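K.L.:
Mind looking at a prediction? Sequence and model below.
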Amino acid sequence: MPTTDPPKTDGPILSVRDLHVAYKTGDGKTVEAVRGVDFDLYPNQSLALVGESGCGKTTLGLGLLRLLPKLGSVPKGSITFNGRDGSSVDVLALRKQELRKWRWRDAAMVFQGAMNSFNPVLRIIDQMGDTIRAHPDGGRKPSKKEIWERSAELLRSVRLEPNRVLPSYPHELSGGMRQRVLIAMSLLLDPKLLILDEPTTALDILTQRAIVDVLHELRAERKFAMVFISHDLAIAAELADRVATMYAGKIIEAGTARDIFYGPRHPYTVGLIKAVPPVVGDLPELASIPGAPPSLSNLPSGCSFAPRCEFAEDRCTERDPELDAITERSAGTTHAAACLRWEDVTYERKVVERV
């Protein structure tokens, strides 16, 4: 598990400030699914977004690439991408054609359901070719040979045999193979930002292990930044340099992976960790978080987690706490929590180093 972030030799590749994402409901009202999110993502850094279903993780990921459904919008905030040529891109200001060029070339996304991401009547090589031809390098159309070679190179990098996979239709591949093909497709144009939404969901544990290993190797080789969306804390701990816990559309704790998993300071993060059985050592008594997440259309006053929190007191219902820094390190890493009683929140876990 990483102890600190990768060295910040450059500025952030992605800066998100006060981002709000809203959906229109059937009765004409507007509900905010993401509320006031701020973070910076640096080159070759990995950020994991964790939390219960419905906390806003996927909505945030879709909002970053402006892939929201028609009923979704970004009423407030900014998303700034700093490209490989030093240019700064205001993602929310990009027009349709500019946005189409920016996606895949600079930023790509791997979706949760691989089968839903493919055209079922096209072979894998045809779908990869369409992606490459839609973003020609310098306006020159690539040849069939160049498309095959580029696609084959990436398939080999995700441990797949090109001659087996490229002529195949999606339904002829297993779930794990389709997921790895999707990862390979996302890297066709060598983007510097990769967003992965639950890429190991519904896969067996051995296939999950293979995909985690592939992502480790690809990051080391290609140096892209990554946002990893997951409810699987074990995988998040292994892949992430930094972790952000989300609840009711907000980031309520953020820090290095070691900060979050060995020294969490928000009661909700502690609850998530206690609900996961360890794979080593004695099996402790597991504890679920009482209650259920609040309705985003009817949030409680003050802290959204207060109705479920064992530390809650009167002042917690009077104002919604800000995400304030707990520790500042010389390397620039920050552990922050949105809790008025963070000093009272303790959690002890035995540190187990990977051999």
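P.N.:
The structure has been received and is ready for your questions. Numbering: from 1, shown residues only.

K.L.:
Which SSE is immediately downstream of the helix or strand of the chain with the lowest mean pLDDT?
P.N.:
When the helices and strands of the chain are scored by mean pLDDT, DSSP states H and E, helix 114-117 comes last with a mean of 78. Using DSSP states H and E, the helix or strand that follows helix 114-117 towards the C-terminus is helix 124-133.

K.L.:
Need the residues that contact whichever helix or strand comes after that next one.
P.N.:
Using DSSP H and E, the next helix or strand after helix 124-133 towards the C-terminus is helix 144-157. Residues from elsewhere that reach helix 144-157, judged by C-beta atoms under 8 Å, 6 or more residues apart in numbering: 124-125, 128-129, 132-133, 142, 161-162, 165-166, 180-181, 184-185, 187-188, 214, 217-218, 221. (C-beta placed from N, C-alpha, C; glycine too.)

K.L.:
how about the nearest residue to residue 94, chain neighbours excluded?
P.N.:
Leaving aside its sequence neighbours, residue 94 sits nearest to residue 102 (C-beta to C-beta, 6 or more residues apart in numbering; 6.0 Å).

K.L.:
Please apply the same query to residue 166.
P.N.:
residue 125 (4.1 Å).

K.L.:
On the pLDDT front, check that neighbour for me.
P.N.:
pLDDT for residue 125: 97.

K.L.:
quick one: contacts for it?
P.N.:
Neighbours of residue 125 in contact, by C-beta under 8 Å, 6+ apart: 147, 148, 151, 166, 167.

K.L.:
how near is the closest residue to residue 240 other than its chain neighbours to residue 244?
P.N.:
Excluding the flanking residues, the one nearest residue 240 by C-beta to C-beta, 6+ apart is residue 48, at 3.6 Å. The spacing between residue 48 and residue 244, counted by C-beta to C-beta, to the nearest Å, is 7 Å.

K.L.:
cool, residue 171 as well?
P.N.:
36 Å.

K.L.:
which one of these two has more residues nearby?
P.N.:
With neighbours defined as other C-beta atoms under 10 Å, residue 171 and residue 244 compare such that residue 244 has more, 25 against 10.

K.L.:
Could you give the bridge partners of that one?
P.N.:
When bridges are called by DSSP bridges, residue 244 pairs up with residue 49, residue 254.

K.L.:
What confidence value was assigned to it?
P.N.:
97.

K.L.:
Correct me if wrong: it contacts residue 257.
P.N.:
No. With contacts counted by C-beta atoms under 8 Å, residue 244 stays clear of residue 257, the gap being 10.9 Å.

K.L.:
what's the overlap in contacts for those two?
P.N.:
Contacts common to residue 244 and residue 257, judged by C-beta under 8 Å, 6+ apart, are residue 48.

K.L.:
Could you say which helix or strand holds the nearest residue to residue 261 once chain neighbours are set aside?
P.N.:
Nearest non-adjacent residue to residue 261, counting by C-beta to C-beta, 6+ apart: residue 237, 5.2 Å away. Here residue 237 sits within helix 233-239, counting by DSSP H and E.

K.L.:
hey, C-alpha coordinates of that helix in PDB?
P.N.:
Taking C-alpha atoms only, helix 233-239 is exported to PDB below (Å, rounded to 0.1, in the frame of the first residue of the first chain):
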ATOM      1  CA  LEU A 233     -12.100  -1.200  -0.200                       C
ATOM      2  CA  ALA A 234      -9.500  -4.000  -0.700                       C
ATOM      3  CA  ILE A 235      -9.000  -3.200  -4.400                       C
ATOM      4  CA  ALA A 236      -9.100   0.600  -3.700                       C
ATOM      5  CA  ALA A 237      -6.400   0.200  -1.000                       C
ATOM      6  CA  GLU A 238      -4.200  -1.700  -3.500                       C
ATOM      7  CA  LEU A 239      -4.600   0.600  -6.500                       C
END
